[in-house]
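Participant: missing the sequence, but the structure's below:
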């Protein structure tokens with residue numbers, strides 16, 4: 001089986017740390033500590049630590065979770081059952097950890113039947129559940145032997161009781177089911193630019209189209225811009241009090257700007273439109 005693997009790294013430099021906040025591989029045969037789950041109305045449950053072939057993913061080259069994963073086998077639950085089942089992570093206080101950016105990474109395999117069956121990922125924003133991923137088609141072509149890995153930006157939902165919920169719904173039809181593996185919650189701890197405000201540092205506009213302006217009462221000695229993969233894409237040593245950066249060549253998306261002003265360092269996020 002081929003597993004897809006992605007690494008989500010924003011920027012990991014001295015004053016900014018990329019932190020692994022939660023991680024669960026579901027290799028054990030029972031529900032992990034702190035997690036909670038529902039069962040279907042017919043009493044069917046998740047299977048933890050599942051290492052077999054994922055039913056409905058193909059005959060010649062079926063997918064699997066070699067070291068174990070969590071599976072709901074809808075086909076085994078029988079006909080005429082509307083199966084909806086959830087799994088929720090423990091809550092975590094992202095505010096107290098000073099998390100500036102957060103993302104979820106997980107591997108999954110949804111096996112529908114006649115386009116029936118769905119997989120949803122929700123996150124708790126402190127008041128209500130917010131949907132951040134909905135999958136309603138087969139994860140991969142039959143006999144591919146592959147699962148899918150997705151990375152989801154959940155920065156907008158950072159709060160003091162953050163948690164993740166997985167939902168499988170067979171949409172009142174007999175389907176194959178869902179498998180999940182390798183859940184990770186990653187966050188970036190940043191000092192921001194608060195420490196630079198005392199020396200008159202500011203920047204505008206944000207979101208930005210073509211030009212980003214940096215202003216300060218002390219010398220702006222270094223500017224680095226990173227994409228969401230942590231790759232350095234712009235570097236500048238202006239040595240001035242006002243710097244105008246040409247960003248029109250950058251693709252639309254989110255970037256982190258690292259600055260050194262008057263010997264102090266700070267970092268902030270910009271949105272390129």
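Facilitator: Happy to help now that I have it. For clarity, every value in this text was computed on a predicted model and none was experimentally measured. Numbering: from 1, shown residues only.

Participant: I figured residue 129 hits residue 164, correct?
Facilitator: No - between residue 129 and residue 164 there is no contact under Cβ atoms under 8 Å: 9.9 Å. Using the backbone N, CA and C atoms, a C-beta is placed for each residue, glycine as well.

Participant: intersection of neighbour lists for these two?
Facilitator: 122-123 (Cβ atoms under 8 Å, 6 or more residues apart in numbering).

Participant: Which one's more surrounded, the two?
Facilitator: Legend: neighbour count by other Cβ atoms under 10 Å for residue 129 and residue 164, higher for residue 164 (26 against 16).

Participant: what number of residues lie near the closest residue to residue 118 other than its chain neighbours?
Facilitator: Spatially, and ignoring its direct neighbours in sequence, residue 118 is nearest to residue 136 (4.6 Å; Cβ to Cβ, 6 or more residues apart in numbering). For residue 136, the count of nearby residues is 14 (other Cβ under 10 Å).

Participant: who's in contact with residue 136?
Facilitator: Contacts of residue 136 by Cβ under 8 Å, 6+ apart are 110, 112, 115, 117-119.

Participant: State the three-state secondary structure for the most centrally placed residue in the chain.
Facilitator: In the chain, the centroid-proximal residue (Cα atoms, centre = their mean) is residue 104; its distance is 2.2 Å. Taken by DSSP: H, G, I helix; E, B strand; the rest coil, the conformation at residue 104 corresponds to strand.

Participant: same question, residue 39
Facilitator: Going by three-state DSSP: residue 39 is coil.

Participant: residue contacts, it?
Facilitator: Residue 39 is in contact with 45, 85, counting by Cβ under 8 Å, 6+ apart.

Participant: swap in residue 245?
Facilitator: Residue 245 makes contacts with 211-214, 223, 225, 234, 236, as judged by Cβ under 8 Å, 6+ apart.

Participant: tell me the phi and psi of it?
Facilitator: Per-residue torsions, residue 245: phi -100, psi 130 (degrees, to the nearest 10).

Participant: Just give the number of residues close to residue 256.
Facilitator: Neighbours around residue 256, by other Cβ under 10 Å: 22.

Participant: Wait, it touches residue 272, no?
Facilitator: No - the criterion here is Cβ under 8 Å, and residue 256 misses it with residue 272 at 11.6 Å.

Participant: Now the two most distant members of the contacts of residue 136.
Facilitator: 115 and 119 (13.2 Å; Cβ to Cβ).

Participant: quick one, which of the two is more surrounded?
Facilitator: Ranked by neighbour count (other Cβ under 10 Å), residue 115 and residue 119 place residue 119 first, with 23 against 12.

Participant: Residue 171 is in contact with residue 119, isn't it?
Facilitator: No - assessed by Cβ under 8 Å, residue 171 is found out of contact with residue 119, at 11.1 Å.
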